[in-house]
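**Q** this is a predicted model, with the sequence first.
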Amino acid sequence: MLWSLLKILVFVAIIGLLAMGAGFLMESSGGVQITVAGTEYTLGPLQSVIALGVLVFAVWLFFKLLTLLIATLKFLNGDETALSRYFDRSREKRGYQALADGLMALASGEGRVAMTKANKAEKLLNKPELTNLLVAQAAEMTGDTKKATETYKKLVTNNATRFVGVRGIMKQKLAEGDDETARKLAEKALALKPRHEETQDVLLNLQTRAQDWAGARSTLTSKLKAGYLPRDVFKRRDAVLALSEAKVLLDDTATVEQQEHAIEANRLSPDLVPAAAMAARAYIKKGKPRAATKIIKKAWEVQPHPDLAHAFAEIAPDETPDQRVKRFTALTRIHPENMETRLILAELNIVAEDFPEARRALGDVVEKQGDARAYTLMAAIERGEGASDAVVQGWLAKALNAPRGPQWVCDNCHDIQPEWGPVCQNCGSFDTLSWQTPQTPEIASATGVHMLPLIVGALEDQSEAEEEPEVDDPEVEEVIEVNAEPVEIEQEKRA
């Protein structure tokens with residue numbers, strides 16, 4: 001409002017000044033005398049000013065007409081002139097309009113229209129850095145992958161569009177399932193644009209699928225430096241990758257370097273259960289049981305887990321069941337009310353044949369949080385205390401239909417994995433496995449090999465004196481047969 005008022009005031013002031021100047025000239029005496037061909041012309045002051053303006057305009061018009069004449073002569077001689085540039089501007093305008101129409105058609109999902117407009121823009125503009133991308137994407141939309149590939153290769157030859165071309169071919173290889181070539185192209189694209197977030201994610205995913213853990217750690221560091229990854233998330237994922245490098249630690253051929261990778265993974269993320277278990281086993285191989293105990297206790301404080309209990313048992317493999325119960329106090333006194341703690345304590349007392357203590361350890365777990373593992377332990381307790389086969393079979397029947405308890409579940413596709421891994425075996429996503437209770441019940445359980453510690457084996461001596469009763473329920477018999485072999489293997493390890 002104020003600006004408009006100011007412009008009006010300025011305009012009025014200029015008109016006023018011009019009027020004052022004209023009045024001054026009209027009142028002034030004298031003028032300009034011009035003699036042309038013996039004729040004398042006398043102009044007053046105002047007439048002189050008007051004549052000067054007309055003269056300036058005439059000179060400007062003369063030079064314009066002279067320039068046009070020269071341009072016309074050059075045009076007739078075949079040289080580029082203002083006339084040809086005029087037609088070129090018209091051609092360029094139609095080309096940009098076709099390019100805009102092609103982009104709109106591409107966004108609308110009209111592949112054939114986009115291809116037609118792209119070809120028209122390509123002919124009119126003669127700017128491949130603009131039109132080739134539209135042609136490639138329109139060809140992909142219409143299913144013409146051959147033309148799209150050829151166009152992307154043209155983009156690769158131009159420094160300005162090289163990244164776009166490499167990225168386009170990379171996406172094509174991903175769609176074809178050629179992960180190896182796509183990974184090399186992603187590395188090339190990331191070298192051209194190191195801070196491109198989407199390319200970093202694609203490359204990281206491909207590297208983890210190919211188990212290129214060192215390359216994945218480098219890409220993860222690039223994401224951190226670019227600011228696309230929080231530091232706490234970076235530490236955990238870096239720990240997962242370091243753990244993956246040391247995955248062969250359980251083999252007899254594990255090197256000292258691989259053991260150090262496991263220890264490094266635990267240092268980066270102490271709450272990562274697989275890293276803690278593997279680092280503890282690395283210290284056990286080095287003859288450092290105290291360091292292994294410290295690692296397991298620290299991880300147990302965050303989350304009690306069966307893998308930690310198994311690693312803790314490996315610290316002293318030759319101890320008696322009573323000695324093991326006593327040594328496990330270092331763990332069981334941490335989170336004593338946790339379900340995993342109570343189940344581990346009950347299992348240890350069953351192996352030690354202290355069945356009343358095992359029942360006290362379970363407490364109200366069966367009533368409040370009963371799962372297949374808890375019901376199976378109750379069956380072992382009942383058998384150890386001399387209960388009838390009907391009671392034992394009743395607990396086993398409950399175990400068949402009970403939830404399987406916590407397992408490794410993918411947060412992305414909710415698939416249940418038999419063991420932890422850095423990449424989901426079902427959907428291929430990275431670092432999505434977490435220890436949780438599945439949303440849908442499953443028959444197979446990751447802890448199934450630990451479910452029947454004494455149904456077959458621990459009370460074998462006691463059962464030899466009695467005739468083994470027939471099992472009428474075929475499902476119960478199947479459970480016993482499935483779990484018998486792992487228990488016997490555990491007994492051989494203890495022996």
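**A** Noted; the coordinates are in hand.

**Q** what residue ranges in this structure score low on pLDDT?
**A** Along the chain, segments meeting pLDDT under 70 span 1, 22, 24-33, 36-37, 41-46, 75, 78-87, 247-259, 440-495.

**Q** spatially central residue in it, please.
**A** residue 201 (5.2 Å; CA atoms, centre = their mean).

**Q** who touches that residue in this structure?
**A** Remark: with contacts taken as CB atoms under 8 Å, 6 or more residues apart in numbering, residue 201 is in contact with residue 223. Where you see a C-beta, it was placed from the backbone N, CA and C, and this is true even at glycine.

**Q** export the helix or strand containing it to CSV, keeping only CA atoms.
**A** Here residue 201 is covered by helix 197-209, with elements defined by DSSP states H and E. C-alpha atoms of helix 197-209 as CSV (Å, rounded to 0.1, in the frame of the first residue of the first chain):
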residue,chain,number,x,y,z
GLU,A,197,21.9,-41.1,0.3
GLU,A,198,19.9,-43.5,-1.9
THR,A,199,23.0,-44.9,-3.5
GLN,A,200,24.6,-45.4,-0.1
ASP,A,201,21.6,-47.4,1.0
VAL,A,202,21.5,-49.5,-2.1
LEU,A,203,25.2,-50.3,-2.0
LEU,A,204,25.0,-51.1,1.7
ASN,A,205,22.2,-53.5,1.1
LEU,A,206,24.0,-55.2,-1.8
GLN,A,207,27.3,-55.5,0.2
THR,A,208,25.6,-57.2,3.1
ARG,A,209,23.8,-59.6,0.7
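
**Q** give the buried residues for that helix.
**A** Neighbour counts over helix 197-209 (16 or more other CB atoms under 10 Å) mark 199, 200, 202, 203, 204, 205, 206, 207, 208, 209 as buried.

**Q** any chance of these in CSV, plus distance to residue 272?
**A** CSV is the format used below for those (distance: CB to CB, whole Å):
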residue, distance to residue 272
199, 27
200, 23
202, 25
203, 23
204, 18
205, 20
206, 23
207, 19
208, 16
209, 21
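
**Q** that's a helix at residue 299, yeah?
**A** Yes - counting by DSSP: H, G, I helix; E, B strand; the rest coil, one finds residue 299 located in a helix.

**Q** what about it, how many residues nearby?
**A** The tally of other residues near residue 299 (other CB atoms under 10 Å) stands at 26.

**Q** residues touching it, list them.
**A** 266, 270, 271, 272, 273, 276, 277, 305, 308.

**Q** so the second one: helix, strand or coil?
**A** Secondary structure assignment for residue 270 (three-state DSSP): coil.

**Q** for it, grab phi and psi.
**A** The phi/psi pair for residue 270 (degrees, to the nearest 10) reads phi -60, psi -20.

**Q** just give me how far the top helix by length along the chain sits from the chain centre.
**A** With secondary structure taken from DSSP state H, the chain has its longest helix at helix 45-76. Centre-to-centre, helix 45-76 and its host chain are 68 Å apart (CA atoms, centre = their mean, to the nearest Å).

**Q** what helices or strands is that helix leaning on?
**A** Secondary-structure packing of helix 45-76 (3 or more CB pairs under 8 Å, 6 or more residues apart in numbering; DSSP states H and E): helix 2-27, strand 32-36, helix 82-107.

**Q** which elements pack onto the strand or helix carrying residue 375?
**A** Assessed by DSSP H and E, residue 375 sits inside helix 372-384. Helices and strands touching helix 372-384, by 3+ CB pairs under 8 Å, 6+ apart, are helix 339-351, helix 355-362, helix 365-369, helix 389-401.

**Q** of all these, which one is nearest residue 216?
**A** Across those, residue 216 has its closest neighbour in helix 339-351 (31.2 Å, CB to CB).

**Q** would you mind extracting the C-alpha trace of the closest one into PDB?
**A** Presented in PDB, the C-alpha positions along helix 339-351 are these (Å, rounded to 0.1, in the frame of the first residue of the first chain):
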ATOM      1  CA  MET A 339      11.300 -65.400  32.600                       C
ATOM      2  CA  GLU A 340      14.500 -66.500  31.000                       C
ATOM      3  CA  THR A 341      16.400 -66.400  34.300                       C
ATOM      4  CA  ARG A 342      13.700 -68.600  35.900                       C
ATOM      5  CA  LEU A 343      13.700 -71.100  33.100                       C
ATOM      6  CA  ILE A 344      17.500 -71.400  33.000                       C
ATOM      7  CA  LEU A 345      17.500 -71.900  36.800                       C
ATOM      8  CA  ALA A 346      14.800 -74.500  36.600                       C
ATOM      9  CA  GLU A 347      16.600 -76.400  33.900                       C
ATOM     10  CA  LEU A 348      19.900 -76.400  35.800                       C
ATOM     11  CA  ASN A 349      18.100 -77.800  38.900                       C
ATOM     12  CA  ILE A 350      16.500 -80.500  36.800                       C
ATOM     13  CA  VAL A 351      19.900 -81.600  35.500                       C
END
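
**Q** now for that helix, which elements pack on it?
**A** Judged by 3+ CB pairs under 8 Å, 6+ apart, helix 339-351 is in contact with helix 306-313, helix 321-327, helix 329-332, helix 355-362, helix 365-369, helix 372-384.

**Q** what's the local residue count around residue 169?
**A** When neighbours are counted by other CB under 10 Å, residue 169 registers 22.

**Q** what sits against it?
**A** 149, 152, 153, 156, 185 are the contacts of residue 169 under CB under 8 Å, 6+ apart.

**Q** return the closest of these with respect to residue 284.
**A** Lowest distance from residue 284 to the contacts of residue 169 (CB to CB) belongs to residue 185, with 43.4 Å.

**Q** helix, strand, or coil at the closest one?
**A** helix.

**Q** that one and residue 173, how far apart?
**A** Between residue 185 and residue 173 the computed distance is 6 Å (CB to CB, to the nearest Å).
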